[in-house]
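> what's the 3D shape of this:
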Amino acid sequence: MKKIVSVNNIYISQSKIPKAERGVFANVDIKKGETIETCPIIELQEHELSGLGESILLHYVYFFGEKKERLLLALGFGSIYNHQYLPNAVYKIKSKEKIIEFIAIKDIKKDEEITVNYVPSNHQSVPLWFEE
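The predicted structure follows:
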């Protein structure tokens with residue numbers, strides 16, 4: 001198992017994104033290409049999904065797999081990053097290693113909110129559950 005190191009370069013605060021509550025923010029300037037956070041993940045099994053549609057947890061899981069048929073819960077701050085279609089970070093799910101990595105795709109200034117795009121690039125016109 002890969003060693004996962006906690007970081008102090010981020011914090012959680014109130015987001016300014018409409019309809020969002022908390023968000024993840026830079027505690028220091030973060031350079032493009034830097035890993036922001038590496039989080040352990042818990043993959044949810046099919047039998048655990050039956051009541052998820054009625055649960056608040058639905059807002060905190062990542063869908064992945066070829067058909068987005070698999071779900072995971074990211075620990076650390078991983079499930080608090082908010083969505084934007086033009087984000088300043090990306091995430092990479094490494095299911096074999098049981099981690100998700102968040103990486104800056106732009107320079108991020110101290111106290112700037114860190115966002116990721118939840119939607120695959122070929123589905124940009126599909127609204128997310130909170131945009132409907």
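
> quick one, strands of this protein?
If you assign secondary structure with DSSP state E, the strands in the chain sit at 10-14, 22-26, 35-44, 61-64, 70-74, 82-83, 89-94, 99-104, 113-116.

> could you dump the ones you listed to a markdown table with mean neighbour count and mean pLDDT?
For the C-beta atoms, the positions are set from N, CA and C on the backbone; glycine is no exception. Supplementary listing: the strands of the chain in a markdown table, determined by neighbours: other C-beta atoms under 10 Å; pLDDT from 0 to 100:
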| stretch | mean neighbour count | mean pLDDT |
| --- | --- | --- |
| strand 10-14 | 13 | 93 |
| strand 22-26 | 19 | 93 |
| strand 35-44 | 18 | 90 |
| strand 61-64 | 18 | 68 |
| strand 70-74 | 20 | 81 |
| strand 82-83 | 18 | 92 |
| strand 89-94 | 16 | 92 |
| strand 99-104 | 20 | 94 |
| strand 113-116 | 22 | 96 |
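
> from what I can see residue 26 touches residue 114, true?
Yes. Counting by C-beta atoms under 8 Å, a contact exists between residue 26 and residue 114, whose distance comes to 6.1 Å.

> need the overlap of contacts for the two.
Between them, residue 26 and residue 114 have 10, 36, 108 as joint contacts when contacts are counted by C-beta atoms under 8 Å, 6 or more residues apart in numbering.

> quick check, nearest of these to residue 118?
residue 36 (16.3 Å; C-beta to C-beta).

> that closest one touches residue 115, doesn't it?
No. Taking contact to mean C-beta under 8 Å, the distance of 11.1 Å between residue 36 and residue 115 leaves them out of contact.

> joint contacts of the two?
Common neighbours of residue 36 and residue 115 (criterion: C-beta under 8 Å, 6+ apart): residue 89.
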